[in-house]
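Trainee: Need the 3D shape of this:
(chains A and B)
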Amino acid sequence: MNDVYQVMLVAAVALPAAGAALLSVLPIRFAGPTATGFAAAALIPIIVLPFGHDRGWATYAADPPTVSPWAELDLSWVPALHLHFHLGVDGVSYPLVALTGLLTLLCCAYTMWRPPAGGSPRTLLGLLLILEAGILGTFLSLDLILFFLFFEVTLLPMYAVIAGWGGEDRRRAARKFVLYTLFGSVLLLIGVLTVAVHAGTADIVALTGGIGLSKGTQYAAFALFAVAFAVKAPLWPLHSWLPDAHTQAPTVGSVILAGVLLKMGTYGLIRVGVGVTPLGARWAAPLLGILAVAAILAGALICLKQTELKRLIAYSSVGHMGFVLLGIATLTTTGIQAALLGNVAHGLITGLLFFLAGAIKDRAHTGDLADLGGLRETAPRLAGLLGFAAIASLGLPGLAGFWGEAFAVVAAVERGGVLWTILAVLAAIGGALTAAYFLRLLRKVTHGPVGTPVSPAIAGVEWFAWAPLVALTLAVGLVPTLVLAATSLPVEALIR
Amino acid sequence: MSAATYGALIPGVPLLFGLVGLVLKPGEHGPRRLAATIGIAGAFVSLVVTLLLLLFATKPLIAGTQWTRIGDIEVTLGFEAGLAALYIALAVTVVALFVQIYSVDYLHDDPRYAPYAAQISLFTGAMLLVVTSGDLVGMLVGWEVMGACSYLLIGHDRRLPEAPAAAVKAFLVTRVGDVGFLLGIALLAVDAGTTRIGAVLTHDYGHGTLTAALLLILAGVAGKSAQFPLHTWLPDAMAGPTPISALIHAATMVAAGVYVVFRMYPLYEQSPAALAVLGVAAAITILLGALSATAQDDMKRVLAWSTVSQIGYMTGALAVGSPAAALFHLLTHAAFKALLFLAAGAVIHAVGTNYLSRMGGLREHMPITFWSFVVGLGALAGVPPLAGFWSKENVLTAAAHATDGGGPAPVWVAWLVWVAALFAVAITAWYATRLLLCAFFGISRAHGPDGPDWEIGFDDARYTPPHTPHDPPGHMRWPIILLAIPAALLGLAAYAPGFRTALELADPHLGVAVLLPLVLLVLGAGTAWYLWRAVPGVDPAAVLGPVRPFFAAGFRLDDVQDRLVVRPVRQLARLARATDERVVDATVEGTGTGTTWLGELVADMHRIALPWAALIVFAGALLLTVWFGAAS
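Mentor: This is a model prediction of the structure:
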């Protein structure tokens, strides 16, 4: 470890973990500041990491390696099992790493001032930090086994967050979440082991491009990966854990779940599915595309009939992740870049939407659309923010949500052929339906006669949590290069 | 910095000011004056920059830089404006400025004025972005932001129960069209590898791709420009405050579709099929709008349907191969329609109702408004020498010429457009005359048969109507007076060589061909006048008899749309939700329950009484013995 960037890589994962450990021994009154402090400290390595990018010697080589991380750390961990502690960051993972760091900080600060009802806030903060460590580890791993380990680390804390601080039906929802995703994890484990055994290594850098794997192995492994990640993302029809989990989870739980946890699925599909088993990906792409479009349409149609605020937003995630998966399924540079952008945009916008939904539910003590109404009269600022988030989420050009969705459609058109053209048309229609249900939501919540009165005051911590998301939604919408800057080379290398 | 770089200020300043305005404190005690200043300043700066570029810069202005690159597709951030685009921008900024000034008084006691003014700024900026963008994606940004702002502004009125529904309808119907728009852009961009308009226009597309892309874009155009069959949102959009109607109808939103076809005309010229579709839609729209306008009782709805019809003239001109005539009519229409709506706002402000059946006799009390209406309606009907006469004449001439063949569009399309446009001249004259007579002549019907207390329909007229109606206060009066000037005189610009070359307009020639529309004009206006004279005080629309409700409902196309689109989608949504809960989720839950049940079964089996257990063990042992015995 003689390189500052290697230290930073470890620090990004270790700081939240250390924070969580420290929380367990500190008195409860120090919990809030400590957790927020560690979450903020974890942002430092995240901010430093991109400076490693410019040392990109490999990036400009004639035949660059398939994965060329800006910063890399490779330690032998369990030599007998060929297990390496291999971390690295590149343009594909970095936006998600940054998003994770930001959302965790916002959630910690929010929890510090607005602890949800349920267990002790100290435990919740600790769990948030463990989640952060697990998620960052997943995004940074360049070793399949390590990837799997981090992937699993996130499972139980999220279970505990839902079961401990959730709504009335929280235990059932949490159980469903954990069992369903555990089922996905089992498949992931089998897939990882299949690849590792056949290729004799679990190093993602070495494996990318499907080197050393026969066609049959790739098909089998991709099928396993695809189902595993489809559960996490989630892809219709493997999504039904999501609405329950979101509806019952506390606000910060929903934000982390929608904001970054789902992204582990789509990221995994890109990095592991498409990267390690490209032949399998090519083989399954049409099916994946069809399911993605089904998710877009089903998600939008179901949203049209939802009567609960958080459940509606949860289902909207199904549709949005459908666009991301459509982008991936096209296996074009355009599509995968659109997917990466869509990932980040969805994290920002849906994070904001869940924060706002939580704020409305806290104030009105109901999330039933029929009981809400007239928000623009009683709480104009809140209504304005909700309107902004909803309009961003329906993919208004100029805001973050547009790029991912529009260019997923463009990528499908680019792919050409009857099937992909039909998919493009259906996805575009899904975009119109998305507008329909968000406008219905706004009409029920902000317009019309006043339902349940809502206090208009917005606390400082709420501004602290929301303002960065609003600003970034606008910024990514206006300057998509913020996310895309370093993605084109790694993505091209990935699908070559 | 080149002049073109300054051009980015034209859309940039209103957009930025709009965003700033949205951050202002909303509510009763918000900073009204500041909000008004920001709103007016945004439009004003844009206007000044446009004027300066129009007067001093060398055209066309082009500046651009790479915005981003997604895969193989390059997206640029570009400004590109020729003279024609600058003229449109001028119309947009002038109307927007007047609307902002007018709104200060019109919404003088509205607690949500601040976001309203900011949304107008955003709306203006978005339209200017469509006009000046050198890139398809930039154009799409403006296009959709405009849709979102129209949604916010149409739904502004809180006391009007139909406003939220009208707002949602406006956004959704245009959004349905935009499905095509996005796909069309995708087709063009994928083939060209860039979304820069300059490159797209010169790219050599295959015939099939081009036709498909252009037809898809037409869907978006039909949505925004309220062309049949996606025009249904426009009459309902009258639920918005009247200045917003002026803004939407005059120079923004509905003009955007026409402008986009104009912008892409080098491609449209190559596709007779796309032009034919455009022409058919235009012909239907012209007549549909005009006939529906004859039967309305709501003054704003008359004007709304007239917009539908007049936009049909523009798309008709495009379809017969004369983008210049379309643009000319767009400009004159912007002037007289803005005038008409702002004047209608003054009437509504004064009498507290939209209904023609409750007006009457306003001529003496509101002379300025009356004369504005005379000018505006005259221009709309095409009375020489008012603005609309010249531009409509241009459209008719272009269509008549195209019937000789040789244009980019098929001859039958030209015939269709020409005949529809001629008929509509008479109908337009008829309903314009009717509107003028019903509102301003005869006796006041403010205290009608149902008693004196008319329900006040619109929040934007939230205001105790004075005992005698009077002309509006200064902030509302001056925009009306100033707009009357171009509404009257802009047509004569066809004689100004600079303007003519800018639009590539043909020389005006007043031959015998002018006679036919003029005869039709006199016929239409004369009939309405005759009906009014024959039975004074009775609405000439009564002559429509049993078809009146049908026309008034816009040929019941709303019902068709409801049957064919809205209800099936609702049904599908219901089905999707039921499937999700009863099939997809039930399978998951069923797996859980099944496993639990299986576990209990096995647990029970472990708890059975000793004799049975012993029996099973022996049976098992026997089975194994037999098995292995047979195997060995």
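Trainee: Show me what from the stretch 51-200 of chain A comes close to chain B.
Mentor: Residues of the stretch 51-200 of chain A that fall close to chain B, judged by CB under 8 Å from any CB of the partner chain: A:K176, A:L179, A:Y180. The way it works is simple: take the backbone N, C-alpha and C, and place the C-beta from them, glycine included.
Trainee: Make a PyMOL selection of whichever of those turn out to be buried.
Mentor: Here is the PyMOL selection string for the buried members of these, based on 16 or more other CB atoms under 10 Å in any protein chain shown:
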select buried, chain A and resi 176+180
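Trainee: now, which of the residues of the stretch 51-200 of chain A next to chain B lie within strands?
Mentor: Taking DSSP state E, every one of these sits outside strands.
Trainee: Give me the distance between the nearest residue to A:P456 once chain neighbours are set aside and A:V318.
Mentor: Using CB to CB, 6 or more residues apart in numbering or on different chains and skipping the chain neighbours, the partner closest in space to A:P456 is A:A379 (4.0 Å). Going from A:A379 to A:V318 by CB to CB, to the nearest Å gives 29 Å.
Trainee: Same question for B:A379.
Mentor: 52 Å.
Trainee: Centre of the chain to the lowest-mean-pLDDT helix or strand in chain B, how far?
Mentor: In chain B, the helix or strand scored least confidently by mean pLDDT, DSSP states H and E is helix B:497-503, which has a mean of 75. On the basis of CA atoms, centre = their mean, to the nearest Å, helix B:497-503 sits 27 Å off its chain's mean C-alpha point.
Trainee: What is the strand or helix carrying B:D178 packed up against?
Mentor: Using DSSP states H and E, B:D178 sits within helix B:163-192. Counting contacts by 3 or more CB pairs under 8 Å, 6 or more residues apart in numbering or on different chains; DSSP states H and E, helix B:163-192 is packed against helix A:400-415, helix A:417-445, helix B:136-154, helix B:197-202, helix B:207-224, helix B:233-236.
Trainee: Make CSV from the ones you listed and add distance to B:L86 and mean neighbour count to it.
Mentor: Below are the helices and strands packed on helix B:163-192 laid out as CSV (distance: least, CB to CB, whole Å; neighbours: other CB atoms under 10 Å in any protein chain shown):
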stretch, distance to B:L86, mean neighbour count
helix A:400-415, 28, 29
helix A:417-445, 33, 22
helix B:136-154, 16, 26
helix B:197-202, 16, 17
helix B:207-224, 21, 22
helix B:233-236, 27, 26
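Trainee: returning to that earlier point: looking at B:A379 and A:V318, which is more packed in?
Mentor: When B:A379 and A:V318 are compared on other CB atoms under 10 Å in any protein chain shown, the one with more neighbours turns out to be B:A379, at 32 against 26.
Trainee: helix or strand right after the helix or strand harbouring the more buried one?
Mentor: Applying DSSP H and E as the criterion places B:A379 in helix B:367-381. Next helix or strand after helix B:367-381 toward the C-terminus (DSSP H and E): helix B:387-402.
Trainee: mind checking how far that next one is from the chain centre?
Mentor: So, by CA atoms, centre = their mean, the centroid of helix B:387-402 is 23 Å from its chain's centroid.
Trainee: mean confidence for it?
Mentor: Helix B:387-402 comes out with an average pLDDT of 87.
Trainee: Repeat that for stretch A:461-475.
Mentor: Averaged across stretch A:461-475, the pLDDT comes to 91.
Trainee: What residues of that stretch count as buried?
Mentor: Across stretch A:461-475, burial judged by 16+ other CB under 10 Å covers A:E462, A:A465, A:W466, A:P468, A:L469, A:V470, A:L472, A:T473, A:L474, A:A475.
Trainee: Give me the neighbour count for the residue in the stretch 301-450 of chain A that chain B sits nearest to.
Mentor: Closest residue of the stretch 301-450 of chain A to chain B, CB to the nearest CB: A:T334 (2.7 Å). Residues near A:T334, counting by other CB under 10 Å, number 26.
Trainee: what phi and what psi does the backbone show at B:Q270?
Mentor: Backbone geometry at B:Q270, expressed as degrees, to the nearest 10, gives phi -80, psi 0.
Trainee: Excluding residues flanking it in the chain, which one is nearest residue 407?
Mentor: Went with chain A since none was named. A:A338 (3.6 Å).
Trainee: should've been chain B
Mentor: B:G321 (3.8 Å).
Trainee: Give me the distance between that neighbour and B:Q227.
Mentor: For B:G321, the distance to B:Q227 equals 18 Å [CB to CB].
Trainee: Mind listing what's buried along the longest helix belonging to chain A?
Mentor: When chain A is scanned for its longest helix (criterion: DSSP state H), the result is helix A:333-364. Neighbour-count burial for helix A:333-364, with 16+ other CB under 10 Å as criterion, is recorded at A:333-361, A:363-364.
Trainee: Centre of the chain to that helix, how far?
Mentor: Distance of helix A:333-364 from its chain centroid, counting by CA atoms, centre = their mean, is 9 Å.
Trainee: Just the residues contacting the helix or strand just after that helix, thanks.
Mentor: Downstream of helix A:333-364, the next assigned helix or strand under DSSP H and E is helix A:375-378. Residues outside helix A:375-378 that contact it (CB atoms under 8 Å, 6 or more residues apart in numbering or on different chains) are A:360, A:382-384, A:386, A:445-447, A:450, A:453-456, B:112, B:158.
Trainee: from those residues, which single one is nearest A:L433?
Mentor: Distance to A:L433, by CB to CB, is smallest for A:V445 among those, at 18.7 Å.
Trainee: who touches the closest one in this structure?
Mentor: Counting by CB under 8 Å, 6+ apart, A:V445 has contacts A:L309, A:I360, A:L369, A:L372, A:G373, A:L375, A:A383, A:L386.
Trainee: Scan the residues you listed and report the most crowded one.
Mentor: Counting neighbours by other CB under 10 Å, A:L375 leads the contacts of A:V445 with 29 neighbours.
Trainee: mind checking how far B:L210 is from B:G177?
Mentor: Between B:L210 and B:G177 the computed distance is 19 Å (CB to CB).
Trainee: Could I get the full set of helices for the stretch 451-600 of chain B?
Mentor: B:474-489, B:497-503, B:515-534, B:548-552, B:557-561, B:567-579, B:585-606 (DSSP state H, counting those that start in this stretch).
Trainee: cool, and the stretch 51-200 of chain A?
Mentor: Under the criterion DSSP H, counting those that start in this stretch, the stretch 51-200 of chain A contains helices at A:94-113, A:121-140, A:144-153, A:155-165, A:170-199.
Trainee: Which of those helices has the highest mean neighbour count?
Mentor: For the helices of the stretch 51-200 of chain A, ranked by mean neighbour count under the definition mean count of other CB atoms under 10 Å in any protein chain shown, the leader is helix A:121-140 at a mean of 26.
Trainee: tell me the angle that helix makes with helix A:144-153.
Mentor: 150 degrees (axes from the mean of the first three to the mean of the last three CA atoms, to 10 degrees).
Trainee: avg pLDDT for helix A:121-140?
Mentor: Model confidence over helix A:121-140, given as mean pLDDT, is 91.
Trainee: counting contacts, what elements does it pack onto?
Mentor: Helix A:121-140 makes packing contacts with helix A:4-25, helix A:31-48, strand A:83-89, helix A:94-113, helix A:144-153, helix A:155-165, helix A:251-256, helix A:262-268 when contacts are defined by 3+ CB pairs under 8 Å, 6+ apart.
Trainee: Please identify which of B:G321 and B:Q227 sits among more neighbours.
Mentor: Taking neighbours as other CB under 10 Å, B:G321 and B:Q227 compare with B:Q227 leading, 30 against 24.
Trainee: what's B:L107 sitting at in phi/psi?
Mentor: Dihedral angles (degrees, to the nearest 10) for B:L107: phi -110, psi 40.
Trainee: Hmm, B:G142 is touching B:L129, no?
Mentor: Yes - here B:G142 reaches B:L129: they are 3.2 Å apart, a contact under CB atoms under 8 Å.
Trainee: Show me the common contact partners of these two, please.
Mentor: Counting by CB under 8 Å, 6+ apart, the residues touching both B:G142 and B:L129 are B:P11.
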